[in-house]
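Q: compute the structure for the input listed below.
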Amino acid sequence: MDQRLNPYTPGSGIKPLKLAGRDGDLEAFGVLLERLAGGQPERSLIYSGLRGVGKTVLLLEFETLAREAGWVCNDVEEVGSGDFRQTFAELAYQMLLSMSRRERMRARATAALGVLKAFSVGVPGGFTAKLDVEAASGTADSGDPERDLAVLLVEVGQVAQSGGTGAVFFLDEMQALDATALAAVCMSMNRVGQRGLPVALVGAGLPPLPRLLRGAKPYAERMFAYHELDRLSDAEARMALVAPAALREVEYEAPAVELVLKASAGYPHFIQEYGRVLWNEVDSSPITARDIKGRAGAHHGGAQPALLQGSLRDGLRCRAALPRGDGRPRGRACALGRCGASGRVQGAREHFRAPGESAAEGPGLQPAAWACGLYGAVVRRVSAGAASAGKLYG
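A: Next comes the predicted model:
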């Protein structure tokens, strides 16, 4: 099959041709925009989940929907671990600049840039954008991070409201924000909500994010609608695998689909990984179970333990992480070759991760993957690229 037509898109935040299993989330986002646009209160959205379940992809889809609805928003990006005031100064600048280009909001947005300039005066390291306006002294420059950010976001909301639109802040990897930053975010969103302004926040992060928000401000429990993104159901995973290939008139036999579903364990990223490898290595449609099982023997002579030990040299690790009663993982890292050909560790869950990553951050290549022959080809691809960059999954 022509590799140039490969429909699978593994990577960090790359939208698949078929976004399976997220219809409910798209509906919730649509309701959020419609209610705020109509002057009705609605809680902002927080998504949490392991790496590889599609949090960034979902935010990117939300961004597209928001722009189509005429709302202003920032490009989806990681918030990082730097000073949050600089981050929000840059995000607010994107939005105000966009609104200043619209005739009905130009004057109001220009005045708001003065508030942004006052806010940015106290930002450590400075704010690099050139603002040809006078700073609105006495607004957003008190030195109190929470109050100043709240004033800035209220200003953004008032500009959007004056133009009959709204503003959405998209924040990815929110777990990287410290307690001060999270407290400021909570207070600011609470303030715009109390004033009935059309401002929403959609955040995403690893599983600890909801707990971190609640720890920053007790009322965060009631401020946000929390959603946990998990693996796809069998039906959803089947759609994610089969639909992209069908667009290229390529089919899977049912036993082949079942092997991939077992190997991917429902994680969207791995469905894309395995689909991409199969497309590139299988000769023709339909893709069969024989094609999949033949990957191991064709490339590695069936020597699975040797393959696993080889992947260890590429920087991958295996962790048997059986959660404790308090939710913390336990277990020790083990050499991959010691897991055996089946990759099973009795009573445990395996995580493959790049050096320095917590075993609790995301799933790894599943034991079933090498049991059916998919593992080898994917490890070659991952270890040559993503693992060397310190990431296994997007």
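
Q: CA only for contacts and neighbour counts going forward, please
A: OK.

Q: and the strands in the stretch 151-300 of the chain, which stretches?
A: 167-171, 199-205, 224-228 (DSSP state E, counting those that start in this stretch).

Q: make a markdown table out of the ones you listed and add mean neighbour count, mean pLDDT and distance to residue 3.
A: Below are the strands of the stretch 151-300 of the chain laid out as a markdown table (neighbours: other C-alpha atoms under 10 Å; pLDDT from 0 to 100; distance: least, C-alpha to C-alpha, whole Å):
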| stretch | mean neighbour count | mean pLDDT | distance to residue 3 |
| --- | --- | --- | --- |
| strand 167-171 | 25 | 96 | 34 |
| strand 199-205 | 24 | 96 | 33 |
| strand 224-228 | 18 | 95 | 35 |
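
Q: can I see the domain layout of the protein?
A: When the chain is parsed with automatic domain parsing, its domains come out as 23-228, 234-389.

Q: mind putting the strands of the stretch 151-300 of the chain in CSV, distance to residue 288 included?
A: As requested, the strands of the stretch 151-300 of the chain are exported to CSV (distance: least, C-alpha to C-alpha, whole Å):
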stretch, distance to residue 288
strand 167-171, 41
strand 199-205, 37
strand 224-228, 34
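
Q: circling back: ok, which of the domains of the chain comes nearest residue 4?
A: For residue 4, the closest of the domains of the chain is domain 234-389, at 9.2 Å, according to C-alpha to C-alpha.

Q: which of the domains of the chain has the lowest average pLDDT?
A: Among the domains of the chain, domain 234-389 has the lowest mean pLDDT, at a mean of 58.

Q: can I get stretch 247-262 in CSV, CA atoms only?
A: Taking Å, rounded to 0.1, in the frame of the first residue of the first chain, the C-alpha atoms of stretch 247-262 are listed here in CSV:
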residue,chain,number,x,y,z
LEU,A,247,-11.5,6.3,3.4
ARG,A,248,-8.6,4.9,1.4
GLU,A,249,-10.6,1.8,0.4
VAL,A,250,-8.5,-0.5,2.6
GLU,A,251,-10.2,-3.1,4.8
TYR,A,252,-9.4,-5.2,7.9
GLU,A,253,-10.5,-8.7,8.5
ALA,A,254,-12.3,-9.1,11.8
PRO,A,255,-9.6,-11.2,13.5
ALA,A,256,-7.0,-8.6,12.6
VAL,A,257,-9.2,-5.9,14.1
GLU,A,258,-9.5,-7.9,17.3
LEU,A,259,-5.7,-8.3,17.5
VAL,A,260,-5.1,-4.5,17.2
LEU,A,261,-7.8,-3.7,19.7
LYS,A,262,-6.2,-6.1,22.2
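
Q: just the terminal-to-terminal distance for stretch 68-79.
A: End-to-end span of stretch 68-79 (C-alpha to C-alpha, to the nearest Å): 24 Å.

Q: ok, now stretch 271-290?
A: 18 Å.

Q: residue 285: neighbour count?
A: Residue 285 is flanked by 14 other residues according to other C-alpha atoms under 10 Å.

Q: quick one: closest of the domains of the chain to residue 15.
A: domain 23-228 (5.5 Å).

Q: mind listing the strands for the stretch 1-150 of the chain?
A: Here the stretch 1-150 of the chain has its strands, by DSSP E, counting those that start in this stretch, at 44-48, 72-73.

Q: redo those strands as a markdown table? Include distance to residue 225 and mean neighbour count.
A: Below are those laid out as a markdown table (distance: least, C-alpha to C-alpha, whole Å; neighbours: other C-alpha atoms under 10 Å):
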| stretch | distance to residue 225 | mean neighbour count |
| --- | --- | --- |
| strand 44-48 | 5 | 22 |
| strand 72-73 | 19 | 24 |
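
Q: reformat those as CSV; add distance to residue 191.
A: Below are the strands of the stretch 1-150 of the chain laid out as CSV (distance: least, C-alpha to C-alpha, whole Å):
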stretch, distance to residue 191
strand 44-48, 13
strand 72-73, 19
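
Q: to residue 36, which of the ones you listed lies closest?
A: Nearest of the strands of the stretch 1-150 of the chain to residue 36, taken as C-alpha to C-alpha: strand 44-48 at 10.1 Å.

Q: which residues touch residue 61?
A: For residue 61, the contact set (C-alpha atoms under 8 Å, 6 or more residues apart in numbering) comprises residue 15.

Q: about what we covered before: out of the domains of the chain, flag the one nearest residue 6.
A: Of all the domains of the chain, domain 234-389 sits nearest to residue 6, with 6.4 Å by C-alpha to C-alpha.

Q: among the strands of the stretch 1-150 of the chain, which is nearest residue 246?
A: Ranking the strands of the stretch 1-150 of the chain by proximity to residue 246 (C-alpha to C-alpha) places strand 44-48 first, at 30.3 Å.

Q: partner strands of that closest one, parallel or antiparallel?
A: strand 199-205 (parallel), strand 224-228 (parallel) (DSSP bridges).

Q: which residues sit against the first one?
A: Which is strand 199-205. Residues contacting strand 199-205 (C-alpha under 8 Å, 6+ apart): 32, 36, 43-49, 55-56, 59, 157, 166-175, 189, 192-193.

Q: ok, 6 Å please
A: With contacts defined as C-alpha atoms under 6 Å, 6 or more residues apart in numbering, strand 199-205 is touched by 44-48, 157, 166-175.
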